[in-house]
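Novice: for reference, the sequence and a predicted model appear below.
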Amino acid sequence: MDGPSTSSSTPAASTSESRTWSNFGWSIAVRLHAAWACFDKWAGWLIGLDNSPYQWAVAEYQLQKAEEERELQRRLKSENLQPLNTSAVTLISHTHGRERREQRGIERRELQEAVKHGRRERANPGRDGSVRWRYTHKGVVYITDQHSRHEITSWRLNDAPDVPPAVGGGGGACGTAHVIVVVDHSGSMRKDDVPGYGSRTAAVYDCLARDLVEPQLRVAGGSRMEISLIQMQDEAEVVLRRRAPDAKLLQYLKGCGRSYARSHGNYLPALNAALELMREDASAPKQLFMVFLSDGAPSDHVQMACPHGNYVWQADPTAGCTAQGKPRLIECRSKGCRAVVKRTAHSDCLARIRAMGDLLGRDRVSVNTVAFGPAAEDFAVLQAMSQVLPRGSFQKLGLSAHCLRTAFTSLTSSLTTLRTEAGGAGPGLTLRTDLRAKGQRQEYEEHQLLSNGLIFDIYVGRKFVSKCQYDRDTRDLVPVPFLDTARVRIMREQFPEVEWGVAHARRLFSEGAERVVFQCTEVVSVDGGATAYAIGPRLVAKQTRHQERVHDPKFHRTFCRTQGEAAELASLFNRRLRGGPAWQVHFLPCYVYKIADGYYSYGSGGVMEVLVEEELEGKFTKWNNNAGGVAAGRTGAAGAHSRNNNQLGAIDVPQAFSHFTWDCTAGRKLVCDLQGVWNSTDGFTLTDPVVHHASGGHRNGATDKGQAGINNFFATHTCNALCRQLGLQPRPVR
């Protein structure tokens, strides 16, 4: 009798003892935290650096997260839950979500793996304010609900963006973008140190074909881009001259990967060849892009003489070799001649870039330099070349083919944006020179502590002037409150000196015809802006690209008014359509923040306005543009689009909405340039529309083409089943 009784009581006693020790350990941690906070307060006071509010907030947040994790572990133990197999992870999807995954080549198991093994962070909330999570794993991004069960949307990080539609014929002389690609063919490009490729050259040409040329073959109506190719060695050879993207060009570029790289990589001959190609475009209305790719520093200095006439970077045949077996170089009576020659070669490279801007206009030429080589190489000249003109970029990729593909994809996005909106900025505008070079999008979480002056600039207190929203009744900006979350209320109670403001990324990560885009978030700070906590959803801040509009009070107000008008028309459309969530059209609300920063050189005190919206979650897509272009003949928001024009699908919604806006305003307005993201839960979430007004005069900004823009839309619009269901009037008679 005693045996069984003792045996049966052992697990309970063990569990009780474990719980006692667990609680005891937690109480010790809490007491140590309180003692440390007290010590920090007095130590800070003694040394004159009272940073205890900041440290206390950090520690409190960390303890809160630890308590949540502890509670989760306790629940798992109490419910005796075992780790799930990947295939057992719950994933509830809908027809639209499955079609979207199939379109992007994402398997169901990849989403299950993301939930089980991926990095989890809070995503921007749903339209109804519901909590959502973002999982990132092996290049797949998965957005799900607060319970991580319902599929909302997913995409691959290295997906090429959906190419915006084009209007008109193919390439050739009528192209609106000329891309000049310079590829290093020096001997080091023969090395086989890129995983999956026989040489660096093979990797470059494969990525060039797949991620720059191939997306152009999918453009409806044909691409309006032309490509020239320069191979860089001791001399430069123009092997392609203004070729339109087609299947033959695709195969040719893939074949170039087998070419033999040799000799040196001299930058100057290649830059001279590129400059000559650009001279031929001086009178044509084209955007010029140069992609300059190299795996090392320029070798031009080897062929250059010093001021005394000596080729100090060449081998001296009479001097023998060094102890390391390298040939000795020609000497000059001045010991600093080698440095002078090298600086001269570098300066000449930058002078060629300046000549391109002087010849064609600094706003027409985009210089994109790509460092595709070992991290230890010197890429200072490549980086400096990208900074000569305002629209440049520099990317240091190491020897990763994945990063190289991403670089070409980014260029494709810039090309298509400028192609569909070319000329929208208006004549006579000067590009700003105070914008830093383009950077990469940074990941951060809500409540993460940000430091001023690193990735973000923090504006609180006197540096943050106001937050406003456009009011259509008063036709002006009116103040609106900051986000008021539970976390903010707790900090306000604990620290009366807390300050609200905004953190604005130092480098832009995207750009369009009129604006540049930065990451942004609202923040609270307890130390005067030295650090701050990110609060609320991730935001994007949009600034003008042009100097004349930095302090133009109408610039952002026009955008807000236009987006507000589009949102009102979208509400009418949704009520009349009476469709499900997947069919709804919404436009993001926008705000105007005014900040003060002496870095910005225009206007009194550097005070300027930035336009702020919530960051879109999903793969960005453009369904139509402001020149009549239509994303036709390809899968869209809801999957494959049926060729039966009587069959309804969510792909029909953007075109029907544009038609509806013209119909319900009696032909006075038409909303187009529809771009944003789609998922079956939220429908279409759009931003930055164009509203053509029949009265003309660019009433809604430079992209408003008036009656001509309306006519361009109907020239390519074919009424679908949704247009007929809504009873929309046919196109206007010219």
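Specialist: That came in fine, so what should we check first? Residues are numbered from 1 along each chain as shown.
Novice: any idea which element residue 534 lies in?
Specialist: Taking DSSP states H and E as the criterion, residue 534 maps to strand 531-544.
Novice: pull that strand out as PDB, backbone CA atoms only.
Specialist: Only the C-alpha atoms of strand 531-544 are listed here, as PDB (Å, rounded to 0.1, in the frame of the first residue of the first chain):
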ATOM      1  CA  THR A 531      16.900  57.500 -28.900                       C
ATOM      2  CA  ALA A 532      13.200  56.800 -29.500                       C
ATOM      3  CA  TYR A 533      10.800  53.900 -29.600                       C
ATOM      4  CA  ALA A 534       9.000  53.000 -32.800                       C
ATOM      5  CA  ILE A 535       5.200  53.000 -32.300                       C
ATOM      6  CA  GLY A 536       2.400  52.000 -34.500                       C
ATOM      7  CA  PRO A 537       2.500  50.700 -38.000                       C
ATOM      8  CA  ARG A 538       5.400  51.100 -40.400                       C
ATOM      9  CA  LEU A 539       5.100  54.200 -42.500                       C
ATOM     10  CA  VAL A 540       6.700  55.700 -45.600                       C
ATOM     11  CA  ALA A 541       7.500  59.300 -46.100                       C
ATOM     12  CA  LYS A 542       7.400  60.900 -49.500                       C
ATOM     13  CA  GLN A 543       9.400  64.000 -50.400                       C
ATOM     14  CA  THR A 544       9.600  65.900 -53.700                       C
END
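Novice: show the average pLDDT along that strand.
Specialist: Per-region confidence: strand 531-544 scores 91 on mean pLDDT.
Novice: what's the answer for stretch 509-519, then?
Specialist: For stretch 509-519, the per-residue pLDDT averages 81.
Novice: what about that stretch, start to end distance?
Specialist: The first and final residues of stretch 509-519 sit 8 Å from each other (C-alpha to C-alpha, to the nearest Å).
Novice: apart from its chain neighbours, what residue comes closest to residue 261?
Specialist: Nearest residue to residue 261, sequence neighbours excluded (C-beta to C-beta, 6 or more residues apart in numbering): residue 189, at 3.9 Å. Where you see a C-beta, it was placed from the backbone N, CA and C, and this is true even at glycine.
Novice: and that neighbour, how far from residue 200?
Specialist: Residue 189 sits 5 Å away from residue 200, taking C-beta to C-beta, to the nearest Å as the criterion.
Novice: where do the contact lists of the two overlap?
Specialist: The overlap between the contact sets of residue 189 and residue 200 (C-beta atoms under 8 Å, 6 or more residues apart in numbering) consists of 261, 295.
Novice: for the helix or strand where residue 504 lies, packing partners?
Specialist: Take DSSP H and E as the rule and residue 504 turns out to sit in strand 499-505. Packing contacts for strand 499-505, counted by 3 or more C-beta pairs under 8 Å, 6 or more residues apart in numbering; DSSP states H and E, involve strand 456-460, strand 464-471, strand 515-525, strand 531-544, strand 591-596.
Novice: could I get the following helix or strand past the last one in CSV with only the CA atoms?
Specialist: Spelled out, that is strand 591-596. Beyond strand 591-596 on the C-terminal side, the first helix or strand identified by DSSP H and E is strand 607-614. Extracted in CSV, the C-alpha atoms of strand 607-614 (Å, rounded to 0.1, in the frame of the first residue of the first chain):
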residue,chain,number,x,y,z
VAL,A,607,11.7,73.5,-42.1
MET,A,608,10.0,71.3,-44.6
GLU,A,609,6.9,69.1,-45.1
VAL,A,610,6.9,65.4,-45.8
LEU,A,611,3.9,63.3,-47.0
VAL,A,612,3.4,60.2,-44.9
GLU,A,613,1.3,57.0,-45.5
GLU,A,614,1.2,53.5,-44.1
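Novice: by contact count, what packs against whichever helix or strand comes after strand 607-614?
Specialist: Toward the C-terminus, strand 607-614 is succeeded by strand 621-622 as the next helix or strand (DSSP H and E). With contacts taken as 3+ C-beta pairs under 8 Å, 6+ apart, strand 621-622 sits against strand 675-679.
Novice: return the distance of the strand it packs on from the chain's centre.
Specialist: Distance of strand 675-679 from its chain centroid, counting by C-alpha atoms, centre = their mean, to the nearest Å, is 15 Å.
Novice: what lines up beside it in the sheet?
Specialist: With DSSP bridges as the criterion, the sheet partners recorded for strand 675-679 are strand 621-622 (antiparallel), strand 683-686 (antiparallel).
Novice: right, and residue 556 touches residue 591 too?
Specialist: No. Using C-beta atoms under 8 Å, residue 556 is not in contact with residue 591; the gap is 9.6 Å.
Novice: who has more neighbours, those two?
Specialist: Higher neighbour count among residue 556 and residue 591: residue 556, with 26 against 21, using other C-beta atoms under 10 Å.
Novice: and the helix or strand where the more buried one lies, what does it pack against?
Specialist: Per DSSP H and E, residue 556 falls inside helix 553-577. When contacts are defined as 3+ C-beta pairs under 8 Å, 6+ apart, helix 553-577 packs onto strand 464-471, strand 476-479, strand 585-587, strand 591-596, strand 607-614, helix 653-664, strand 669-672, strand 690-693.
Novice: could you redo the last one with a cut-off of 7 Å?
Specialist: The criterion is 3 or more C-beta pairs under 7 Å, 6 or more residues apart in numbering; DSSP states H and E, and the helices and strands that helix 553-577 contacts are strand 464-471, strand 585-587, strand 607-614, helix 653-664, strand 690-693.
Novice: which one of those lies closest to residue 377?
Specialist: Using C-beta to C-beta as the criterion, the shortest distance between residue 377 and the helices and strands packed on helix 553-577 is 37.1 Å, found for strand 607-614.
Novice: for that closest one, what is the distance to the chain centroid?
Specialist: On the basis of C-alpha atoms, centre = their mean, strand 607-614 is displaced by 17 Å from the centre of the chain it belongs to.
Novice: now that strand and strand 515-525, what's the angle there?
Specialist: Counting by axes from the mean of the first three to the mean of the last three C-alpha atoms, to 10 degrees, strand 607-614 lies at 90 degrees to strand 515-525.
Novice: quick one: strand 607-614 to strand 531-544, angle?
Specialist: Angular relation of strand 607-614 and strand 531-544 on a 0 to 180 degree scale: 100 degrees, by the same axes, to 10 degrees.
Novice: report the rounded mean pLDDT for stretch 320-333.
Specialist: 85.
Novice: what's next to that stretch, contact-wise?
Specialist: Counting by C-beta atoms under 7 Å, 6 or more residues apart in numbering, stretch 320-333 makes contact with 306, 308, 310-316, 319, all of which sit outside it.
Novice: which of these has the most neighbours?
Specialist: Of all those, residue 312 has the most neighbours under the rule other C-beta under 10 Å, reaching 24 neighbours.
Novice: residue 122 and residue 487, how far apart?
Specialist: Here the criterion is C-beta to C-beta. By it, residue 122 lies 12 Å from residue 487.
Novice: please apply the same query to residue 334.
Specialist: As judged by C-beta to C-beta, residue 334 and residue 487 stand 65 Å apart.
Novice: more neighbours, these two?
Specialist: When neighbours are counted by other C-beta under 10 Å, residue 487 comes out ahead of the other of residue 334 and residue 487, with 18 against 13.
Novice: what residues of the helix or strand where the more buried one lies count as buried?
Specialist: Residue 487 is part of helix 486-494 when elements are defined by DSSP H and E. Along helix 486-494, these residues count as buried under the neighbour rule (16 or more other C-beta atoms under 10 Å): 487-488, 491.
Novice: in the stretch 301-450 of the chain, which spans are helices?
Specialist: With DSSP state H, counting those that start in this stretch as the criterion, the stretch 301-450 of the chain has helices at 337-360, 380-386, 401-420.
Novice: tell me which of those sits nearest to residue 393.
Specialist: Comparing the helices of the stretch 301-450 of the chain against residue 393 with C-beta to C-beta, the closest turns out to be helix 380-386 (5.7 Å).
Novice: what's that closest one packed up against?
Specialist: Packing partners of helix 380-386 (3+ C-beta pairs under 7 Å, 6+ apart): helix 337-360, strand 365-371, strand 392-396.
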